[in-house]
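Trainee: missing the sequence, but the structure's below:
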């Protein structure tokens with residue numbers, strides 16, 4: 001299972017990864033190591049393997065209310081479930097942009113967005129470039 005990621009805490013600006021001007025991805029440690037709660041570990045695995053899940057779907061799967069699931073997740077990880085899900089989706093999207101020929105629309109749907117415009121806004125907020133520019137910057141570094 002890969003770690004959570006966040007922006008650097010030192011306030012630094014985006015740095016170059018593989019020649020792209022992308023935000024530095026640094027591990028965000030859990031306060032007490034990996035969660036001991038089995039359900040939370042399973043939620044982490046599900047979200048990272050299939051980022052298109054919603055909080056409601058996860059709550060139903062674990063027979064919890066959405067608010068109780070969010071509370072447990074925050075209690076055991078120190079991170080809000082919604083933030084973790086968003087970060088997982090956007091990291092998966094960045095990977096797909098770099099390593100597939102899928103269109104931006106197909107990637108948006110694959111990571112759980114109904115509207116490409118919402119995906120593009122979220123991606124741009126996270127990586128400071130639109131998805132197409134992110135992909136094209138990656139193409140230049142592969143030459």
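Mentor: Received it, and whenever you're ready, just let me know what you need. Note that the coordinates shown come from a computational prediction; the quantities given were computed from them, not determined experimentally.

Trainee: use CA for all of it now, contacts and neighbours both
Mentor: Noted.

Trainee: ok, then the element right after the longest helix along the chain?
Mentor: When secondary structure is assigned using DSSP state H, the longest helix within the chain turns out to be helix 81-99. Along the chain past helix 81-99, the next helix or strand (assigned with DSSP states H and E) turns out to be helix 104-110.

Trainee: contacts for that following helix?
Mentor: Outside helix 104-110, the residues that touch it by C-alpha atoms under 8 Å, 6 or more residues apart in numbering are 52, 93, 96-97, 114-116, 119, 131-132.

Trainee: Same question for that helix: list its buried residues.
Mentor: Buried positions in helix 104-110, judged by neighbour count with 16 or more other C-alpha atoms under 10 Å: 104, 107-108, 110.

Trainee: again, but for stretch 80-94
Mentor: Judged by neighbour count using 16+ other C-alpha under 10 Å, the buried positions of stretch 80-94 are 81, 84-94.

Trainee: What's the mean pLDDT across it?
Mentor: The average pLDDT within stretch 80-94 is 95.

Trainee: and the gap between the most centrally placed residue in the chain and residue 126?
Mentor: Centre of the chain computed as the mean C-alpha position; nearest residue by C-alpha atoms, centre = their mean is residue 88, 1.9 Å away. Noted for residue 88: a distance of 11 Å to residue 126, by C-alpha to C-alpha, to the nearest Å.

Trainee: Can you name the two of the buried residues of stretch 80-94 that sit furthest apart?
Mentor: Within these, two members stand farthest from each other by C-alpha to C-alpha: 81 and 94, at 19.9 Å.

Trainee: Against residue 44, how distant is the residue nearest to the centre of the chain?
Mentor: For residue 88, the distance to residue 44 (C-alpha to C-alpha) stands at 10 Å.
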